[in-house]
Each structure stands twice: as C-alpha cells, then as structure tokens.
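Enquirer: Here is a sequence with its predicted model. Questions after.
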Amino acid sequence: MKNSNRRKFIATAASLGAAAAVSAMPLNHKVKTKQLAHHALFWLKNPDSIEDLDKLVEGIKTLSKVETVRELHVGVLASTEKRDVVDTSWQVSEIMFFDDLAGQAAYQTHPVHLDFVKNYGHLWAKVIVYDAMEV
C-alpha cells in the first residue's frame, strides 16, 4: 500500500470511528423540568400497633405503581436527637417525586391511589400533605 493510500485509509478509518462514537452517545433533548415533591405524614388511629404500621407501609409502597411517580420513599420516625424543631407525633412518612404538576394531578385520580385510600384509609386518624416545587 502506498503512503498516500495508507494516509487516506487511516484518515477515513479515524473519521468513521469518531462518527460511530458520536452517534452512540445518548442524546439529551429532554429539558429538565422542576420536580414536585409530595410529602405526606400519617398519624395512625392505633399508634402503638406494629401491625397497623406495617399494613400502612405495605399500602404506601403500592403507590409506586402509578406511572407518574418517579421516586417513592417510605419511612418511619428516625431515632434522632429530640429537639424543639422536630415533630415526632406522626408514625409513617411518604415522599414521592413527580416530573411536574400534571404528574401529581394524574396521581390524585389514579385507580392505584384511590384503591390505597379505600383499602388503607381506616388505619389513619390524620394525614398532612406538603407539596413543594423544586426551585
């Protein structure tokens, strides 16, 4: 192979390799929107019942089946230091994230959410919800 042909071959191979690498890169055309955090705190009717707590946690975990729920965190009181600014009166916490207001609105009327309220609502005496938009 002559030097000029070899150079052309190497240049062409390098160009094709670079083009293949660029085309394999993921395209992020989607513009990141501000997420909505939906935080619900539950007070059980029977706050000392481990069975009721476990049942409610089980029910909350079913909410991850809603297509617009991007992330779900279910928790109970942490054994952190007692301070005046910390509310320890609740028993179960649920934090979920949505891509936008429309996703949260769809969640409210979704059959999985409605079934959760119907099947587990008898366990709680009170629920407080905090919805916050990412800044």
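Expert: Arrived safely.

Enquirer: for the helix or strand containing Leu72, what is the average pLDDT?
Expert: Following DSSP states H and E, one finds Leu72 within strand 71-76. Per-region confidence: strand 71-76 scores 98 on mean pLDDT.

Enquirer: Name the strands paired with that strand and say parallel or antiparallel.
Expert: As defined by DSSP bridges, the strand partners of strand 71-76 come to strand 92-98 (antiparallel).

Enquirer: so where is the protein shaky, pLDDT-wise?
Expert: 1-4, 6-31 (pLDDT under 70).

Enquirer: who's in contact with Gly121?
Expert: Residues near Gly121 by Cβ atoms under 8 Å, 6 or more residues apart in numbering: none. (Each C-beta comes from the backbone N, C-alpha and C, glycine too.)

Enquirer: Regarding it, what is its secondary structure?
Expert: Taken by DSSP: H, G, I helix; E, B strand; the rest coil, the conformation at Gly121 corresponds to helix.

Enquirer: distance of the residue most central in space within the chain from Asp87?
Expert: Centroid check for the chain by Cα atoms, centre = their mean gives Glu71 as the closest residue, at 1.2 Å. To Asp87, Glu71 is 23 Å away according to Cβ to Cβ, to the nearest Å.

Enquirer: Same check on Met96?
Expert: As judged by Cβ to Cβ, Met96 and Asp87 stand 20 Å apart.

Enquirer: which phi and psi does the nearest residue to His122 once chain neighbours are set aside have?
Expert: Nearest residue to His122 in three dimensions, chain neighbours excluded: Lys45, at 7.6 Å (Cβ to Cβ, 6 or more residues apart in numbering). Dihedral angles of Lys45 (phi, psi; degrees, to the nearest 10) stand at phi -60, psi -40.
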